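Undergrad: quick one, fold the following:
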Amino acid sequence: MTNTPGAVTGAPLAPALSSDALTGKRRVAFASYVDENYLPGFLALLRSLALSNPGVCEDFVVLHDDLRPGSVARIRALHPRIVLRRVNTEHYDTYKKGDQDNYLVRKAYFILDVFRLREYDTIITLDTDMVVLRDLGELLRLREGLAAVPQFFYGQHKLNSGLLVIQREYLSDAFCARLDATGRSGDYELDKHDQGILNSVLDGDFVRLDARYNFVKRRLSGDLPVPEDTAILHFTGRHKPWQGGEAGYGQAEGRWREFDLSDAEFQAAYLAQSGGLHHDLVVHLGTPHVARTKDTESARKVAAAHIAAGDYQDAVDILSSVHIPLDEAWPHEVLGHALMSVSRYDEARARLLLAAAAPNRAATAYARLAQMAWVHGDDATSLRHATAGISVDPTHRSSRLWAQRAASVPERELGGAGDQLAHVAFYMDRQGNAGDKLLPETVRLGFGPDTTSRRWHSVHAHRLFDEAALERVNARRGLVIGGGGLFIPDTMPNGNSAWQWNVPDEHLRAIDAPIMVYAVGFNAFDGQSYRAGRFRESLRLLVEKSSFFGLRNHGSIAKVRAMLPDHLHDKVRFQPCPTTVSRQLVPGWTDPAEREDTVLLNAAYDRAGLRFGHDYGHFLAEIAKAVRGIGAHTEVRCVAHSLDDERIAFDLRREHGISLPVIPMYDFDNDGIRDLYAKTRLVIGMRGHAGMIPFGVGTPIISLISHPKMAYFLADIERPEWGVSVHDRNLGAVLTERATGILDRHAATVADVHERQQSLWKVTEANAADLRAILGE
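TA: All right, here's what the predicted structure looks like:
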């Protein structure tokens with residue numbers, strides 16, 4: 001690693017791994033073999049999957065021989081995540097295939113080629129003569145083995161290959177070698193009922209699924225109705241519904257025809273559904289639908305999907321393309337939300353005032369108006385709007401939060417401007433996230449023991465940095481920005497910077513005081529992205545202007561450097577989060593003489609879909625196993641950094657009959673947070689600061705990794721074994737083993753924590769010397 005003069009080298013840069021590789025998040029895909037003859041069936045399959053599972057949108061791998069461009073375009077029109085993969089037919093020239101019709105041979109190529117995919121952890125194969133009628137959640141949650149429905153007519157020993165759920169251990173070179181060897185030997189059967197090579201290799205060793213997941217048409221002979229619980233209907237046999245069908249199966253083929261839709265009909269049908277729609281599908285299908293129909297309600301749904309993905313300008317554009325009647329409050333409210341998120345505040349205010357006229361949208365609209373007024377520093381107007389929201393709905397949480405924030409009394413500054421440092425940070429509300437509450441004070445300790453307003457002038461990152469704020473900062477000795485994950489796109493979004501500090505370029509450019517970026521993190525989750533252009537421009541200007549630019553882990557350093565021109569890379573250096581060295585920073589710190597015989601458990605639920613994917617049920621069951629296992633040795637308690645973190649205790653009790661005491665850390669002051677973590681024996685935490693804070697006060701940790709930043713931190717301290725993915729197949733056993741191991745060797749592990757901490761302290765001390773030089777101290 002190269003640094004500016006005086007910077008500290010620290011640990012090597014983290015390898016350029018994908019986010020899912022760092023978090024262990026399962027990569028799931030569907031797959032089908034498609035040719036021109038079966039294209040109508042595949043298009044119906046895609047439509048049926050979206051309409052019966054509207055909240056599911058994984059990659060769909062299309063294996064093919066030679067689809068025409070027009071056919072590919074028709075496929076892509078129905079699904080936003082199509083992955084084309086040509087089947088390598090030459091690979092199978094040495095197979096002894098016997099006398100089969102051409103389609104069965106090509107289908108065999110598909111079945112075998114899908115095992116050669118290496119990008120995924122779980123693949124669900126679907127034949128092109130299937131339609132999906134019910135929820136596939138059970139299949140998406142499968143974690144082990146190769147699962148299939150046994151053949152109905154030819155014995156339970158053989159699988160029906162139309163539907164396979166394949167896990168990582170089968171997507172391997174070793175398993176493919178077994179398939180190839182069997183194919184070359186000719187020691188298998190292959191007829192219209194039997195995927196012979198696969199059945200020969202498995203020899204009955206597969207996970208058996210209920211027949212409703214591959215319900216073959218032949219069971220409905222005599223025009224029987226399709227059973228109500230059928231999840232996947234399979235039109236086996238030579239006569240396909242799109243080819244005229246077959247006598248005696250009228251009701252079954254009627255179910256297929258439900259999905260024989262034009263693109264316009266399909267788009268309208270998907271958007272007509274309520275609740276649980278996947279934002280990628282909403283955008284993909286809704287955008288052309290809105291362009292064609294100019295339907296306001298559809299535009300609102302598409303805009304809301306854009307907002308959920310952080311694409312605020314796209315939300316503005318789609319709603320601006322339609323006429324919104326004055327009395328349709330919900331679209332006005334969504335457009336107001338999008339406009340304020342790109343800092344078009346006057347337009348947003350007008351839309352939100354229109355939305356506030358409708359009782360069912362008024363509370364949300366008033367809360368957003370209160371937020372905008374607070375962003376502009378107008379606490380009186382913010383309180384007025386928040387109070388209006390509460391009067392409409394006394395239980396409205398957001399309105400109550402803004403009322404509380406607007407009514408809070410600003411800290412009285414004790415020092416003169418010339419003696420102070422300005423400090424841009426996310427200053428957490430009462431009952432806010434405990435880690436974020438502790439951060440500003442701990443950052444200040446990195447500059448000296450006085451954290452009060454005698455030495456510090458607070459600048460809330462989420463308030464608009466206007467000319468008055470600029471004047472106040474320029475009157476100070478310097479400007480500190482940090483710490484925490486300020487580089488995240490969807491916490492108080494704005495169009496001025498596209499990260500948490502709401503600073504226009506012209507005001508950032510006009511700052512005269514030395515700028516010191518201190519222990520900031522690149523905080524995007526799996527599946528999140530930044531508005532690349534605006535963020536990159538703001539980031540580049542910030543780096544150019546900074547006298548010190550320190551990021552809290554080497555993963556963030558790699559991410560940020562990738563967004564900068566080469567000549568700025570050397571300015572980006574390592575500055576650990578100061579919470580990780582609290583024992584050295586807190587004046588008069590002493591380690592506890594005794595610890596409570598407890599283990600504290602923390603789970604986080606913000607952006608739960610990004611954290612857990614399809615695996616929350618698995619995670620909860622495995623945590624239940626771990627709590628029982630660890631609880632046999634030590635009492636386990638739940639520690640909640642925020643109110644939402646308490647959900648783990650509720651879910652464990654409801655689903656698994658486990659009751660845990662809950663510690664509301666969101667109500668603690670900073671000393672109380674540090675004290676609690678210092679006196680426990682072990683913290684198992686999902687939040688970043690449920691790892692960094694206890695580590696910083698000398699307590700062993702195990703990180704539940706659902707975000708790349710946890711893996712980054714553990715890499716920096718060279719202890720990756722102190723983390724386990726929330727997606728780990730054996731999470732309960734792994735957690736129990738590691739936790740009991742730490743508890744059994746507690747003194748040695750605490751000593752290791754202290755040693756790891758010392759390496760971070762050396763970096764912090766060296767950086768502190770550079771900061772003193774910058775400030776002329």
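
Undergrad: C-alpha from now on. contacts and neighbour counts both.
TA: Fine.

Undergrad: check contacts around L564.
TA: L564 makes contact with 536, 539-540, according to Cα atoms under 8 Å, 6 or more residues apart in numbering.

Undergrad: what secondary structure does it sit in?
TA: Following DSSP: H, G, I helix; E, B strand; the rest coil, the label given to L564 is coil.

Undergrad: and the contacts of the helix or strand hosting F42?
TA: Using DSSP states H and E, F42 sits in helix 39-52. Identification of contacts with helix 39-52 by Cα under 8 Å, 6+ apart yields 34, 56-57, 71, 74-75, 78-79, 127-135, 242, 256, 259-261, 266, 269-270, 281.

Undergrad: I figured R143 hits R729, correct?
TA: Yes - between R143 and R729 there is a contact under Cα atoms under 8 Å: 7.0 Å.

Undergrad: so which of the two has more stuff around it?
TA: R143 (20 against 16; other Cα atoms under 10 Å).

Undergrad: now for the more buried one: which residues touch it?
TA: Taking Cα under 8 Å, 6+ apart as the contact definition, R143 lies against 122, 167, 729.

Undergrad: same check on A386?
TA: For A386, the contacting residues are 366-367, 369-370, 399-400, 402-403, by Cα under 8 Å, 6+ apart.

Undergrad: just how off-centre is the strand or helix carrying it within its chain?
TA: A386 belongs to helix 379-392 when assigned by DSSP H and E. Chain-centre distance of helix 379-392: 33 Å, with Cα atoms, centre = their mean, to the nearest Å.

Undergrad: what comes up buried for the helix or strand that it is followed by?
TA: Next along the chain after helix 379-392, taking DSSP H and E as the criterion, comes helix 397-407. By 16 or more other Cα atoms under 10 Å, the buried positions in helix 397-407 come out as 398-406.

Undergrad: show residues contacting helix 397-407.
TA: Identification of contacts with helix 397-407 by Cα under 8 Å, 6+ apart yields 363-364, 366-367, 370-371, 374, 379-380, 382-383, 386-387, 389-390, 429.

Undergrad: also stretch 473-492?
TA: 310, 341, 417-425, 436, 439-440, 443, 462, 498-501, 511-524, 529-531, 577, 775.

Undergrad: low-confidence ranges, the stretch 101-250 of the chain, go.
TA: Residues of the stretch 101-250 of the chain meeting the criterion pLDDT under 70: 101-111, 153-156, 189-194.

Undergrad: what about 90?
TA: Along the stretch 101-250 of the chain, segments meeting pLDDT under 90 span 101-113, 151-162, 179-201, 203, 236-238, 245.

Undergrad: correct me, but R534 touches V503?
TA: No - applying Cα under 8 Å as the test, R534 and V503 come out as separate, 11.7 Å apart.

Undergrad: between the two, which contacts overlap?
TA: 496-497.

Undergrad: so between those two, which is more surrounded?
TA: It is V503, of R534 and V503, that has more neighbours when counted by other Cα under 10 Å, with 23 against 14.

Undergrad: what residues are up against that one?
TA: 464-466, 496-497.

Undergrad: quick one: which of the contacts of L564 sit in helices?
TA: Judged by DSSP state H, the contacts of L564 include 536, 539-540 as members of helices.

Undergrad: on that earlier part again, so of the contacts of V503, which two are at opposite extremes in space?
TA: D466 and S497 (13.1 Å; Cα to Cα).

Undergrad: gap between the one residue sitting closest to the centre of the chain and M665?
TA: The centroid of the chain falls nearest to L610 when counting by Cα atoms, centre = their mean (2.2 Å). For L610, the distance to M665 equals 24 Å [Cα to Cα, to the nearest Å].

Undergrad: do a quick rundown of the strands in the stretch 351-500 of the chain.
TA: Ranges of strands in the stretch 351-500 of the chain, per DSSP state E, counting those that start in this stretch, are 421-425, 456-460, 479-481, 484-487.

Undergrad: quick check: buried residues in the shortest one?
TA: In terms of neighbour count (16+ other Cα under 10 Å), strand 479-481 has its buried residues at 479-481.

Undergrad: scan the contacts of L564 and report the most crowded one.
TA: Top of the contacts of L564 by neighbour count (other Cα under 10 Å): L539, with 20 neighbours.

Undergrad: from L486, how far off is that residue?
TA: L539 is 11 Å from L486, by Cα to Cα.

Undergrad: how about P80?
TA: 30 Å.

Undergrad: and which of the ones in helices among the contacts of L564 is nearest L470?
TA: L539 (18.2 Å).

Undergrad: show the contacting residues for that closest one.
TA: L539 touches L564, counting by Cα under 8 Å, 6+ apart.

Undergrad: before we move on, what's the pLDDT of it?
TA: On the pLDDT scale, L539 is placed at 95.

Undergrad: go on, F525?
TA: 60.

Undergrad: following element in sequence after the helix holding F42, please.
TA: Assigned by DSSP H and E, the successor of helix 39-52 is strand 59-64.

Undergrad: okay, and the common contacts of D466 and S497?
TA: 503-504.

Undergrad: these two: which has the busier surroundings?
TA: Using other Cα under 10 Å as the criterion, D466 and S497 rank with S497 on top: 25 against 16.

Undergrad: let me see the contact set for the more buried one.
TA: S497 sits next to 503-505, 534-535, 538 when contact means Cα under 8 Å, 6+ apart.

Undergrad: could those go into JSON lines alongside distance to L179?
TA: Formatted as JSON lines, these follow (distance: Cα to Cα, whole Å):
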{"residue": "V503", "distance to L179": "59"}
{"residue": "P504", "distance to L179": "60"}
{"residue": "D505", "distance to L179": "60"}
{"residue": "R534", "distance to L179": "50"}
{"residue": "F535", "distance to L179": "49"}
{"residue": "S538", "distance to L179": "53"}
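
Undergrad: look up phi and psi at L704.
TA: phi -90, psi 100 (degrees, to the nearest 10).

Undergrad: number of residues surrounding it?
TA: 29.

Undergrad: kindly report the same for A624.
TA: Based on other Cα under 10 Å, the number of other residues close to A624 is 21.

Undergrad: what sits up against the helix or strand encompassing it?
TA: A624 belongs to helix 616-631 when assigned by DSSP H and E. Where contact means Cα under 8 Å, 6+ apart, the residues beyond helix 616-631 that reach it are 141, 612, 636, 648, 651-652, 656, 658, 726-727, 730-733, 735-736, 739-740.

Undergrad: coming back round to it: so between P80 and L486, which is more surrounded?
TA: Using other Cα under 10 Å, the more surrounded residue of P80 and L486 is L486, with 21 against 18.

Undergrad: follow-up on the earlier one: wait, which of the buried residues of strand 479-481 is closest to D317?
TA: The shortest gap between D317 and any of the buried residues of strand 479-481 belongs to I481, at 32.7 Å (Cα to Cα).

Undergrad: what bridges to the closest one?
TA: I481 forms beta bridges with V424, V517, as assigned by DSSP bridges.

Undergrad: okay, buried residues for the helix ranked longest in the chain please.
TA: For the chain, the helix reaching the highest residue count under DSSP H is reported as helix 746-775. Residues of helix 746-775 classed as buried: 746, 749-750, 753-754, 756-758, 760-761, 763-764, 767-768, 770-771 (neighbour count, 16+ other Cα under 10 Å).

Undergrad: kindly report the same for stretch 676-693.
TA: Across stretch 676-693, burial judged by 16+ other Cα under 10 Å covers 676-693.

Undergrad: with adjacent residues omitted, what lies nearest to F713?
TA: Leaving aside its sequence neighbours, F713 sits nearest to N553 (Cα to Cα, 6 or more residues apart in numbering; 6.1 Å).
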